[in-house]
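**Q** pasting the sequence and the predicted model now:
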Amino acid sequence: MDKTIVPLGELNALFPTHRFCRRGKTPYGRSFRAESLLSLIERLSLEETPDRLSEAALAGVAELAKADYALWASRDREKRILCYQWEYSPHHNSLQDSLLDRSFPEDKGLAGQVNCSGRSEIGEDDGIFSSEFFGTGIRKILGIPVWSERKVVVAVILLGFSDPSRSLPPEEIALFERLARQVGRFLDWSCLEKENRSLTRLYEVLSAINALIRKNPDETELLSETIRILIDHGGFTAAGFYFLEAGELRLGVHHITDRERLTHRHPLFFSLDPASPDAQSVTVRCFLSETPFFIGDLLAYYKKAGQKTREEDFAALSFRSTGVCPIFRGGQCVGVFAIVSSETNFFTPDIQELLCETARIISMALDNIDTERARRRSEERLRTLIETLPEVIFFKDGEGRWEIVNATGLRLFRLEGRSDWVGKTEEDLARCNPKFADIHRGCFLSDEEAWLQGNPHKRIEILQTGEGDSVVLEVTKIPLFEPDGTRNGLVVFGQDITQKQKDEKIRERYLRLFENASEGIVIIDEKHSIIDVNPSFTRITGYLRNEVLGKELSILNSGRQEQDFYARMWTKITRKGHWKGEIWNRKKSGEEYCEWLSVSLLEQDGQITNYLGIFSDITERKINEDRIEHLASHDALTDLPNRTIFRE
């Protein structure tokens, strides 16, 4: 800390023979009114920091008392110590290095007695650093308590005199006490004013960050703008975000006020290794405990922790106090938010709460960014799915206005490449898309029907495009309602079943043919197992459908044909794709019959899928042919072979 008192113009005006400078040679004999000093200090309390105010007050009281030396001992209520903070002497300079910033228990020495009793005390030395005082010729010391507005001793003024016979009458001591009490009041006001200014700035910071979040920034903008706001409006020396990366906390978006460009001293990362000295750092402790940490005196903290490098780095960067708050994302601590001030003990309880609230807001904003990112990914996936579906997809709002239509829907209404359909109702579209006017009006009527039913509504709609085309759609309309029953939106899902209907008609024709054919029809799979037969199959063979499903076709074998016959037949079917001829089979009753069989091979993508067999019973015809042949070669009366046989 720089102990040089910067000369103050108004204070110097009270002492025209010298300036208020620690090392100046100031002659005695110049007096001034105590009221003038109080008036000046009151004005300074509104303009200067508490440190400057206490420094000026010490110099003024010392001059009033014509003291040879003066010390200001500040009280730290939390640590229960007193610390010599300021000194003033027109003649002696040696105490500067030996006493300043030295602390001792708040109940020890002359300053401790004054602090505990709350009354002025006179002694021959300070009771703590006697040798230093006697070595400079100080033989008498007056200790004066500095009371705050809250009736608490906040500091002690020690006035040293080289003349041990220097009289200190009660009225003079009373004057000094009155001055000290007023100084304490002004210090309270100055500290309160300083704290209020800091709080005001931080409320402005919080308001600016809230305004930033309402703009829905992305992650980079959120973090960088937050740091900018803290530096520009909060008056901090440094601010930044540390995020977990490869087993350590690495400094991400940040700003460090570093006019000397001491980049080698910047705290860029903290190791999470328990054996590392960083384990004692406030940054790591905050992250691991997920609890905010505030350190009023960083240099003392790292000095006590034995981390000399950190202490030197932070001293060079003017890092005096810090606040570190955890940052959460999805319920997990992912890093910390660090703020640094160039003033010791800057983070009062109110400021701490504001910074904790800032960290909570940032965590919430990061969660919102993740939620929004997930929502956009989901929307993109849904949009991709909707766009690639061959079905027609419409999303309409509660007023029937088109909001989302996929490419299939736009092609159906010949609206590809146009965007003027967005936000239009069916009636609007009937006017701007006249070729489809009737279709749009029909859609409006079916939409209303779906709204009135209040639940998913399915129907077949035939659209005449006006270009001679007819499209058959199987349409499902799903109405959506708000909790109060008002219309929210309408989802329309339409499947083009034009070709499906054509295929269905063809299938129905083939089915009727299959069912009504006089020939027996059997369908077998690639393993020669029966998968379907028609009614004529049952009529001819006597086997019911459920009796042969899954059975091999060999169930009909009569035994008349050798295995070589069947092998040749299947070889020809495989090579040529078909075979036909006569074959003797056996009915369920055991009766043999002759059939004319045609077998065709069915393929798909080069793979055999089925075999189709169509057959008819030609037993009676076969018998008749045999009878005719017999009559032609035998005598009608004797049934003996005639000359036709001999000729053959």
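**A** Yes, it's here.
**Q** per-residue pLDDT of the residue nearest to the spatial centre of the chain, please?
**A** Centroid check for the chain by C-alpha atoms, centre = their mean gives residue 370 as the closest residue, at 2.4 Å. At residue 370, the pLDDT value in this model is 93.
**Q** with the one 10 residues further on instead?
**A** Each residue has a pLDDT score; the one for residue 380 is 89.
**Q** report the separation between it and residue 221.
**A** From residue 380 over to residue 221 the distance is 21 Å, taken as C-beta to C-beta, to the nearest Å. For the C-beta atoms, the positions are set from N, CA and C on the backbone; glycine is no exception.
**Q** with neighbour numbers in mind, choose between the two.
**A** More crowded of residue 380 and residue 221, by other C-beta atoms under 10 Å: residue 221, with 14 against 10.
**Q** that one: which element?
**A** In the assignment (DSSP states H and E), residue 221 maps to helix 219-234.
**Q** tell me which helix or strand comes right after that helix.
**A** For helix 219-234, the following helix or strand on the C-terminal side (DSSP H and E) is strand 238-245.
**Q** on that earlier part again, from the chain's centroid, how far away is the helix holding residue 221?
**A** The chain centroid and the centroid of helix 219-234 are separated by 18 Å under C-alpha atoms, centre = their mean, to the nearest Å.
**Q** for stretch 569-583, same thing?
**A** Here stretch 569-583 is found 69 Å from its chain centre; the criterion is C-alpha atoms, centre = their mean.
**Q** contacts for that stretch?
**A** For stretch 569-583, contacts defined as C-beta atoms under 8 Å, 6 or more residues apart in numbering pick out 561, 594, 595, 596, 597, 598, 599, 600, 601, 611, 618, 622.
**Q** now restrict those residues to buried residues only.
**A** Neighbour counting by 16 or more other C-beta atoms under 10 Å classes 594, 595, 596, 597, 599, 601, 611, 618, 622 among the contacts of stretch 569-583 as buried.
**Q** confirm that the fifth one sits in a strand.
**A** I take that to be residue 599. Yes: assessed with DSSP: H, G, I helix; E, B strand; the rest coil, residue 599 lies in a strand.
**Q** quick one: pLDDT of it?
**A** Note for residue 599: predicted pLDDT of 94.
**Q** all the helices of the stretch 151-300 of the chain, residue numbers only.
**A** Counting by DSSP state H, counting those that start in this stretch, one finds helices in the stretch 151-300 of the chain at the ranges 170-214, 219-234, 282-289, 298-304.
**Q** hey, where'd the strands end up in the stretch 51-200 of the chain?
**A** Using DSSP state E, counting those that start in this stretch, the strands of the stretch 51-200 of the chain run over 69-76, 81-88, 103-105, 121-123, 140-147, 153-161.
**Q** strand 238-245 and the helix holding residue 221, what's the angle between them?
**A** Comparing the axes of helix 219-234 and strand 238-245 via axes from the mean of the first three to the mean of the last three C-alpha atoms, to 10 degrees yields an angle of 150 degrees.
**Q** quick check: angle from helix 219-234 to helix 170-214?
**A** Using the same axes, to 10 degrees, the inter-axis angle of helix 219-234 relative to helix 170-214 is 160 degrees.
**Q** in helix 219-234, what counts as buried?
**A** 222, 223, 224, 225, 226, 227, 229, 230, 231, 233, 234.
**Q** ok, the fourth one touching residue 217?
**A** What that stands for is residue 225. Yes: taking C-beta atoms under 8 Å as the definition, residue 225 is a contact partner of residue 217 at 6.7 Å.
**Q** worst-scoring helix or strand of the protein, pLDDT-wise?
**A** Least confident helix or strand of the chain, by mean pLDDT, DSSP states H and E, is helix 9-14 with a mean of 45.
**Q** can you list the buried residues in stretch 267-282?
**A** Buried residues in stretch 267-282, counted by 16+ other C-beta under 10 Å: 267, 270, 272, 277, 278, 281, 282.
**Q** number of nearby residues for residue 521?
**A** When neighbours are counted by other C-beta under 10 Å, residue 521 registers 18.
**Q** can you give me phi and psi for the closest residue in space to it that isn't next to it in sequence?
**A** By the measure of C-beta to C-beta, 6 or more residues apart in numbering, the closest residue to residue 521 outside its immediate chain neighbours is residue 534, 4.3 Å from it. When read as degrees, to the nearest 10, the backbone of residue 534 gives phi -100, psi 170.
**Q** where does pLDDT dip in the stretch 401-550 of the chain?
**A** By pLDDT under 70, the weakly predicted segments of the stretch 401-550 of the chain are 465-468.
**Q** which stretches of it form strands?
**A** Ranges of strands within the stretch 401-550 of the chain are 402-405, 457-464, 470-481, 487-496, 520-525, 530-533, based on DSSP E, counting those that start in this stretch.
**Q** direction included, what does the fifth one pair against?
**A** Right, the one you point to is strand 520-525. Within its sheet, strand 520-525 is paired with strand 530-533 (antiparallel), strand 607-617 (antiparallel), according to DSSP bridges.
**Q** returning to what we had before: what helices and strands are in contact with the helix holding residue 221?
**A** helix 170-214, strand 238-245, strand 248-256, helix 349-388 (3 or more C-beta pairs under 8 Å, 6 or more residues apart in numbering; DSSP states H and E).
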